Structure formats: C-alpha cells, structure tokens
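Engineer: I would like to see how this sequence folds:
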Amino acid sequence: MSRVILETHDLTVRFGGHVAVDAVSCAFRAGELTAIVGPNGAGKTTYFNLISGQIPASAGRVVLNGRDITRDSVAHRTRAGIGRAFQLTNLFPNLSVLENVRLVIQSKAGLGFRLLSMASGHSEITDKAVAILDRVRLYEKRAQLVSELSHGDQRKLEVALLIALDPAVYMFDEPTAGMSVDEAPVVLDLIADLKAQKDRTILLVEHKMDVIARLADRIIVLHNGALAADGDPAEVIASDVVQEAYMGKELTDV
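Structural biologist: Next up is the predicted model:
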C-alpha cells in the first residue's frame with residue numbers, strides 16, 4: 001500500500017452556530033484519486049478550503065507528509081506541495097498564456113516571479129511551458145492574453161498551471177463545470193494522465209457520476225459536513241443510504 005501523503009484529523013469549521021465541516025478524518029495516499037461527493041451544502045468545497053488554507057479551521061488538523069500545516073498560509077501550503085486549480089487562475093490576466101505558465105515554472109525552479117528574467121533566456125523553461133500547453137491543447141493560443149480566453153480555455157489553463165507547479169497533491173473542484181461537451185474530455189484525460197503517474201495524490205469534487213465512476217479509486221461522501229461514507233466507488237455508489245439520502249437518483253444513472 002502506498003504511503004499517506006495528506007491527512008485530516010477531526011477537521012472542523014464553524015460559522016457562528018453552523019458546523020460546516022464536522023470532525024472529518026481522512027487519509028489520502030500517493031497514486032490515489034479520491035472523489036468527494038455529496039448534496040449541495042454538504043461541505044465539500046469548505047473541506048477543500050480548509051485543506052488548501054482559504055479558511056482557518058475551528059478545530060482539528062491538516063497534515064502533509066507528516067507535518068502539521070493547519071496554521072500555514074495558502075502560499076506556504078502551495079510551496080509545501082498542495083496545488084489547487086483556482087488558486088492559480090488568471091495569475092497575470094494581462095500577460096499571455098505562455099507567460100503565465102512560464103512564471104509558474106520559474107517560481108517552481110526558485111527563480112521567482114520576475115518578469116525581467118522571462119526576457120533573458122531560460123529556453124528550457126520556455127520549452128517546458130510549450131510542452132505543457134501542447135498537452136492541454138492551448139499551444140495555438142499561447143500568445144493570447146489570459147483575460148481574453150473563453151471559460152473553457154481558462155479551465156484548461158488552470159490544469160496547465162497546476163502541472164507546471166508539480167504539486168504532491170492535486171485538488172480539482174468541479175474541473176469541467178461550465179465547459180462544453182467538446183472541451184471537458186481534454187481536462188478529464190489530463191487528470192487521468194496525472195493519476196496514471198502513480199505518484200501524485202488527487203482530490204476531486206465532482207457531481208458527474210460518469211466522471212467519478214471513470215476516474216475514482218475511492219469515494220468519500222459528505223453530508224451536513226460530516227463523513228457519511230468512505231470506500232470503493234462501486235460499493236459507495238450502490239449503497240442504499242447514499243443513493244436515497246445523499247445523492248438522489250443521479251447515482252442510478254451511472
């Protein structure tokens with residue numbers, strides 16, 4: 001069994017009298033893609049926000065590679081190896097698609113976000129950025145400003161920036177939301193490629209059960225902020241309690 005990369009221990013957040021995430025404990029392993037599902041308002045995105053640092057926990061812990069990161073900032077968590085797609089969207093909207101990817105690669109290489117350095121060589125960085133854009137089918141739009149991209153292309157750029165960041169943990173929150181039927185498979189194929197590498201931990205919030213059935217090694221179900229189910233996708237999807245109480249008829253369409 002592969003080693004645990006990310007853990008949450010009794011992770012909890014309260015907003016006034018409302019408990020949005022209620023003592024959720026989970027361990028996520030290298031090479032595993034976990035789908036996080038549940039009805040609207042179940043706490044899925046809030047759980048993501050707690051892991052990536054957008055909101056502080058009221059109680060509990062987040063542990064990455066054995067180190068407690070519960071009080072770390074978003075930037076510290078990103079440097080430590082947690083990558084969440086929307087954190088990087090429109091990093092520099094008035095720069096080109098290629099320049100955005102180059103900047104992330106530069107930063108990852110320890111060169112910082114220095115625009116001047118982009119103009120002076122670093123051909124290997126450019127080559128890597130071009131290769132990533134080719135993977136996400138944005139090569140033809142490499143010179144286009146990010147602010148001018150369609151919604152679907154911006155979602156593809158999110159994945160490109162995450163690939164450039166090369167985190168230990170990839171976090172995708174409904175990555176195909178708002179994408180056309182033609183665009184969505186590109187992103188899903190990229191996620192499948194990342195999973196096939198067997199050395200990254202992937203967390204996926206998704207409502208489309210066909211996507212989950214195709215990609216997930218494991219499903220966890222949140223309901224009213226609490227962990228309601230955790231296990232093999234087929235077993236969780238077939239569970240009466242999940243179908244009837246949490247997911248409704250959509251699961252029967254898989």
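Engineer: burial count for residue 24?
Structural biologist: Number of residues near residue 24 (other Cβ atoms under 10 Å) recorded here: 24. Heads up, the C-betas are built off the backbone N, CA and C, glycines and all.
Engineer: could you give the mean pLDDT of the strand or helix carrying it?
Structural biologist: Assigned by DSSP states H and E, residue 24 belongs to strand 18-29. The average of the pLDDT scores along strand 18-29 is 96.
Engineer: Repeat that for stretch 97-114.
Structural biologist: On average, stretch 97-114 scores 80.
Engineer: quick one: buried residues of that stretch?
Structural biologist: 97, 98, 99, 100, 101, 102, 103, 104, 105, 106, 107 (16 or more other Cβ atoms under 10 Å).
Engineer: for the second one, helix, strand, or coil?
Structural biologist: When you say that, I think you mean residue 98. In three-state terms, and counting by DSSP: H, G, I helix; E, B strand; the rest coil, residue 98 is helix.
Engineer: so can I have a markdown table of the buried residues of stretch 97-114 showing distance to residue 197?
Structural biologist: As requested, the buried residues of stretch 97-114 are exported to a markdown table (distance: Cβ to Cβ, whole Å):
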| residue | distance to residue 197 |
| --- | --- |
| 97 | 24 |
| 98 | 24 |
| 99 | 26 |
| 100 | 23 |
| 101 | 19 |
| 102 | 23 |
| 103 | 24 |
| 104 | 18 |
| 105 | 18 |
| 106 | 23 |
| 107 | 22 |
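Engineer: how far is stretch 203-221 from where the chain is centred?
Structural biologist: Put simply, stretch 203-221 sits 12 Å off its chain's centre (Cα atoms, centre = their mean, to the nearest Å).
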